[in-house]
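*Asks:* Task: produce atomic coordinates for the following.
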Amino acid sequence: MDNEAIHDMFVALGPVTIKRMFGGKGIYHQGKILALEVDGEILLKADDTSAPEFEAAGSRPWVYSGKSKPVKMPYWSIPDAALDDPDELAKWVRLAYAAALRAK
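*Replies:* Sure thing, here's the model as predicted:
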């Protein structure tokens with residue numbers, strides 16, 4: 001996904017910074033990482049507070065194959081309903097930023 005498309009997705013927050021990392025991209029707002037781009041897919045940060053909302057909306061957690069077992073990361077796919085609805089997407093982007101603010 002190109003950087004312009006990523007900026008458009010996060011417009012509800014204001015400016016984001018995009019940094020290349022691990023073959024993908026990290027997406028930051030005000031110095032906090034709130035999303036990743038992995039293999040062309042945007043994954044939003046979640047935590048114990050917001051993950052149940054992502055799950056209820058049909059999102060899936062990002063899991064990658066570790067050396068000995070699958071590793072679950074605190075990032076979730078964007079709910080399908082938000083992909084074509086900027087107002088709905090704004091809700092999920094704000095949830096991701098709230099999770100980023102709560103992270104240590």
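
*Asks:* CA-only coordinates of the lengthiest helix in the chain in CSV, if you can.
*Replies:* Using DSSP state H, we find that the single longest helix of the chain is helix 86-102. Extracted C-alpha coordinates of helix 86-102, given in CSV (Å, rounded to 0.1, in the frame of the first residue of the first chain):
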residue,chain,number,x,y,z
PRO,A,86,-14.7,6.7,6.2
ASP,A,87,-16.8,7.5,9.4
GLU,A,88,-16.7,3.9,10.5
LEU,A,89,-12.9,3.7,9.7
ALA,A,90,-12.4,6.8,11.8
LYS,A,91,-13.9,5.0,14.8
TRP,A,92,-11.4,2.1,14.5
VAL,A,93,-8.5,4.4,13.9
ARG,A,94,-9.3,6.3,17.1
LEU,A,95,-9.6,3.0,19.0
ALA,A,96,-6.2,2.1,17.8
TYR,A,97,-4.7,5.4,18.9
ALA,A,98,-6.3,5.0,22.3
ALA,A,99,-4.7,1.6,22.6
ALA,A,100,-1.4,3.1,21.6
LEU,A,101,-1.7,5.8,24.3
ARG,A,102,-2.4,3.1,26.9
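
*Asks:* which neighbours does the worst-scoring helix or strand of the chain on mean pLDDT have in its sheet, and in what orientation?
*Replies:* Sorting the helices and strands of the chain by mean pLDDT, DSSP states H and E puts strand 61-65 at the bottom, at a mean of 91. Sheet pairing here is set by DSSP bridges, and for strand 61-65 it gives strand 70-77 (antiparallel).

*Asks:* List the contacts of the strand it pairs with.
*Replies:* 35-36, 41, 43-47, 51, 54-55, 59-65, 99, 103 (Cβ atoms under 8 Å, 6 or more residues apart in numbering). (Each C-beta comes from the backbone N, C-alpha and C, glycine too.)
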